[in-house]
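K.L.:
build the 3D model from these lines:
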Amino acid sequence: MLSFDWHRFLLNDQPATFLFEVVVRVLLAYVVVFTFLKVSGRRGVRQLSLFELVVILTLGSASGDVTFYDDVPVLPVVLVFIVMLALYRFTTFLTARSVRFSKWIQGDVVTLIKEGLYVLESLDKLNISEDEFFMELRQDGVEHLGQVRLALIEVDGQLSIYFYDDDEMRAGLSVLPPEHRQDFAQIPFTALYACTHCGQTEEIEKGQSRTCSRCKETLWSVALKTRRLH
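P.N.:
The predicted structure is shown next:
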């Protein structure tokens, strides 16, 4: 009968004293990563740009290896952090002095919604689903696009929303999930409808099938006129 080798399972060929070395390695990696974040001036992960995320992932790989592999020496890993910090500083220096380089590294601010309608050019080039946008809009208290004057996708991926005043608000496409919003190809009753692709609103009579005059799509949802809860 085979017996289970607990020592191989828990430590493999390492002596028990290696556990103390792991503690020291983890503390060192923690201090180096924390120092990098402090020196870079970032207060949180959601503020990271694409370049900074690449840097953090690279540092995470280096710090992960040094924490539990006994054949990974510490000094080369420290050198990795020093070089990455130098690259980060050099990149931020170029970003501050070149608009073209800054856009290449960080990307552009994208206008997602303007005057209660999706910006079609933005929809075509963004690699993100409508459901994700709707979720973020709902989390900011949006029930339909007619409440939104302007929505921007910042370079860090966050959504900045500017609302209409209540007296300027218009009817718009619902951002509620499918169980709270019905979509129609053939109109069941006469009402004001919103195109589910671009948000364009049109009065459509019962029994009609309508092609959106703005984006040429054919699916519609009843436009909402509810005011935003402050």
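K.L.:
so what's the backbone phi/psi at the most centrally placed residue in the chain?
P.N.:
Centroid-nearest residue in the chain: residue 157, 4.4 Å away (criterion: CA atoms, centre = their mean). With angles defined as degrees, to the nearest 10, residue 157 sits at phi 90, psi -10.
K.L.:
what does residue 175 give?
P.N.:
The phi/psi pair for residue 175 (degrees, to the nearest 10) is phi -110, psi 10.
K.L.:
what of residue 151?
P.N.:
Dihedral angles of residue 151 (phi, psi; degrees, to the nearest 10) stand at phi -130, psi 130.
K.L.:
repeat for residue 158
P.N.:
According to degrees, to the nearest 10, residue 158 has phi -80, psi 160.
K.L.:
the strands in the chain, which residues?
P.N.:
Secondary structure of the chain by DSSP state E: the strands cover 110-114, 117-118, 148-153, 159-163, 183-184, 191-195, 201-204, 220-222.
K.L.:
which of the ones you listed sits closest to residue 82?
P.N.:
strand 148-153 (34.1 Å; CB to CB). From N, CA and C alone the C-beta is placed, and that goes for glycine too.
K.L.:
do me a favour and average the pLDDT over the closest one.
P.N.:
For strand 148-153, mean pLDDT rounds to 93.
K.L.:
likewise for stretch 117-136?
P.N.:
Mean per-residue pLDDT for stretch 117-136: 78.
K.L.:
coming back round to it: reformat the strands of the chain as CSV; add mean neighbour count and distance to residue 171.
P.N.:
What follows is the strands of the chain, written out as CSV (neighbours: other CB atoms under 10 Å; distance: least, CB to CB, whole Å):
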stretch, mean neighbour count, distance to residue 171
strand 110-114, 19, 14
strand 117-118, 22, 12
strand 148-153, 20, 12
strand 159-163, 15, 15
strand 183-184, 15, 16
strand 191-195, 21, 6
strand 201-204, 16, 5
strand 220-222, 22, 9
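K.L.:
show me the domain layout of the chain.
P.N.:
In the assignment given by automatic domain parsing, the structural domains of the chain cover 6-104, 110-222.
K.L.:
out of the ones you listed, deepest packed?
P.N.:
domain 110-222 (a mean of 16; mean count of other CB atoms under 10 Å).
K.L.:
distance between the ends of it?
P.N.:
27 Å (CA to CA, to the nearest Å).
K.L.:
ok, now stretch 205-214?
P.N.:
Across stretch 205-214, first to last residue, CA to CA, it's 18 Å.
K.L.:
of the domains of the chain, give the one that comes closest to residue 229.
P.N.:
Going by CB to CB, the one of the domains of the chain nearest residue 229 is domain 110-222, 6.2 Å.
K.L.:
quick one: distance of the closest one to the chain centre.
P.N.:
Relative to its parent chain, domain 110-222 has a centroid offset of 20 Å by CA atoms, centre = their mean, to the nearest Å.
K.L.:
just stretch 99-118 next, same as before
P.N.:
Counting by CA atoms, centre = their mean, stretch 99-118 comes out at 14 Å from the chain centroid.
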